[in-house]
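1. Give me the fold of what follows.
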Amino acid sequence: MNAIFHNRRGFSLLEMVVALAVLAAVVSFLAPTLLSTVNAGRSDSTATEMAMIYRAILGDQRTTFGYLGDVGDYPASLADLVVKPASNPAGWNGPYIQNPRLDGGKLLDPYGQPYEYYFVNPTSAADRLAIISRGPDGLSTNTAANPNAWANGMFTGTAEPISASYSAGANNADNIVYPALDATNANVFNIDTLGTLTLNIQNYDSNTLVNAFTPACPNLYAVTATSLTRGTRDIDGTLYAPGFQQDLVQGVYQVIVTSQNFATAPFNEKITIIPGQTTTRSANITGLDSSGTDLFVLTVTNKQPSEAIEIYQFTTKLTATSAGGGTTINANATKTFNVNGCAQVFAKKSGATSIRDQWIMPFGAFSKLVGASAATLTVVNNHTNDDMNVYDNSILIGTVNHKSTKAFTVGLVAGDLISLYDKKLQHALTTTLTLVAGANTLTITNSTP
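-> Coordinates of the predicted model:
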């Protein structure tokens with residue numbers, strides 16, 4: 001043992017220097033590869049994390065609807081996905097992100113830098129959304145004090161990631177963007193968060209002159225759609241008319257159809273609204289007899305230049321209740337009649353059977369122009385937040401969403417009174433317009449009274 005012990009010797013100083021030199025050379029050779037591997041791993045985990053944040057805002061837009069579906073609006077800051085905002089929004093059901101890095105009220109990426117929240121809500125185009133990491137160098141052309149928070153002006157010029165030159169901008173070279181930039185797709189950041197609810201209601205009219213299902217009587221029914229997460233009525237008692245369509249933010253709603261003629265709601269269903277899709281429900285409702293409904297005032301103006309007309313409720317010729325009475329409305333004259341709500345009304349050539357117009361009397365006072373020149377209407381709603389319900393002589397003909405344009409062409413004539421009401425505030429009249437023959441345009445802005 002002693003012989004063996006004495007034959008062992010330590011490393012000389014020269015050997016140690018050589019070994020350290022070799023180790024340093026190996027480390028210097030491997031360091032870039034190791035650093036690249038670490039950065040690649042961080043980049044991958046960052047992209048995965050950004051996809052999770054994006055989904056936290058929007059859900060999968062099929063079965064889950066994220067922060068937007070719950071609250072009905074986008075988060076003001078990415079931190080709102082983790083901590084309930086001080087504004088205490090109804091429907092918040094977070095945290096929407098698991099194991100977040102939250103520091104100083106900011107959501108951080110794997111590099112320890114705050115994520116950037118790219119959100120654009122223009123008045124005349126689709127919303128745009130992206131999540132951005134500043135990458136390994138932690139630099140960006142976005143110099144906002146809190147990049148997590150959405151604010152106008154955070155991204156301008158080449159600093160806006162939708163620009164093809166974004167990556168070439170100073171400090172943006174290693175930034176990571178989700179969804180990934182695609183030079184061939186200018187709409188890569190565009191998002192659609194609205195779906196359409198369509199209701200088709202028929203009522204069975206037991207009037208012996210009808211005795212069949214007919215298109216639902218205008219204004220007899222009221223539609224309410226309540227978000228099941230926030231408890232708010234996104235459609236609040238809007239009066240139904242055939243062709244009923246309303247756009248709703250993605251999510252789940254309890255849709256109820258009511259009528260003062262029914263003790264219980266004839267339609268009550270939970271409905272999921274998927275963005276970009278139309279969800280249609282049909283209902284056949286019984287219990288109507290138009291021979292015994294309430295009487296309402298019908299005002300008829302004969303716009304025909306040289307022909308008198310007469311008004312019939314089903315097969316009965318009506319006598320005017322206005323001054324002068326009688327059954328005939330001369331050219332360019334106006335008379336009023338009492339008509340049962342939901343009854344079929346005909347305007348016929350005086351003394352003949354030729355029908356000039358026909359309609360179902362709404363459940364309420366109504367004005368009708370017979371023989372007027374055709375008109376079209378285009379509503380441009382440049383309002384940032386408010387959708388508008390459009391009414392033609394008290395009958396709902398459609399809705400124009402904020403930042404949208406819609407054309408109406410069917411059944412409009414010169415002299416019709418168009419009224420626009422805020423969709424969320426049913427009794428908030430925004431503006432009116434009396435149509436003239438031909439094309440009409442009505443523009444709504446944030447400042448429109």
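
2. quick one: the helices in the protein?
-> 2-7, 13-58, 66-71 (DSSP state H).

3. worst average pLDDT in those?
-> When the helices of the chain are compared by mean pLDDT, helix 2-7 comes last with a mean of 47.

4. can you give me the strands for the stretch 301-449 of the chain?
-> Remark: strands assigned in the stretch 301-449 of the chain by DSSP state E, counting those that start in this stretch are 309-313, 316-317, 328-329, 334-340, 344-349, 355-360, 366-370, 375-381, 388-392, 395-400, 404-408, 417-422, 429-434, 438-444.

5. Which among these is found nearest to G169?
-> Closest to G169 of those is strand 404-408 (C-beta to C-beta; 32.2 Å). Every C-beta, even on glycine, is put in place using the N, C-alpha and C of the backbone.

6. what's that closest one in contact with?
-> Applying C-beta atoms under 8 Å, 6 or more residues apart in numbering, the contact partners of strand 404-408 are 376-381, 390, 392, 397-400.

7. Report how many residues lie close to Q250.
-> Counted with other C-beta atoms under 10 Å, the neighbours of Q250 add up to 24.

8. Oh, that last question was meant for P266, not what I typed.
-> By the measure other C-beta under 10 Å, the count of residues near P266 is 19.

9. residues contacting the spatially closest residue to it that is not a sequence neighbour?
-> Residue nearest to P266 in three dimensions, not counting chain neighbours: I285, with 4.5 Å by C-beta to C-beta, 6 or more residues apart in numbering. Applying C-beta under 8 Å, 6+ apart to I285 gives the contacts 201-204, 216, 221, 257, 262, 266-267.

10. From the residues you listed, which land in strands?
-> Among the contacts of I285, the residues falling in strands (DSSP state E) are 201-204, 257, 267.

11. pretty sure P122 contacts K403?
-> Yes. Using C-beta atoms under 8 Å, P122 is in contact with K403, at 6.8 Å.

12. More neighbours: the two, which one.
-> Neighbour totals were compared for P122 and K403, and K403 leads with 19 against 11 (other C-beta under 10 Å).

13. my guess is that one meets D387, correct?
-> No. Between K403 and D387 there is no contact under C-beta under 8 Å: 9.7 Å.

14. list residues touching both of these two?
-> Here K403 and D387 have N381 as joint contacts, going by C-beta under 8 Å, 6+ apart.

15. returning to that earlier point: save the ones in strands among the contacts of I285 as TSV, and put in pLDDT, neighbour count and distance to T238 too.
-> Formatted as TSV, the ones in strands among the contacts of I285 follow (pLDDT from 0 to 100; neighbours: other C-beta atoms under 10 Å; distance: C-beta to C-beta, whole Å):
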residue	pLDDT	neighbour count	distance to T238
I201	97	23	13
Q202	97	16	18
N203	95	24	17
Y204	96	16	23
V257	97	22	10
F267	96	20	14
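
16. Fine, thanks again, bye for now.
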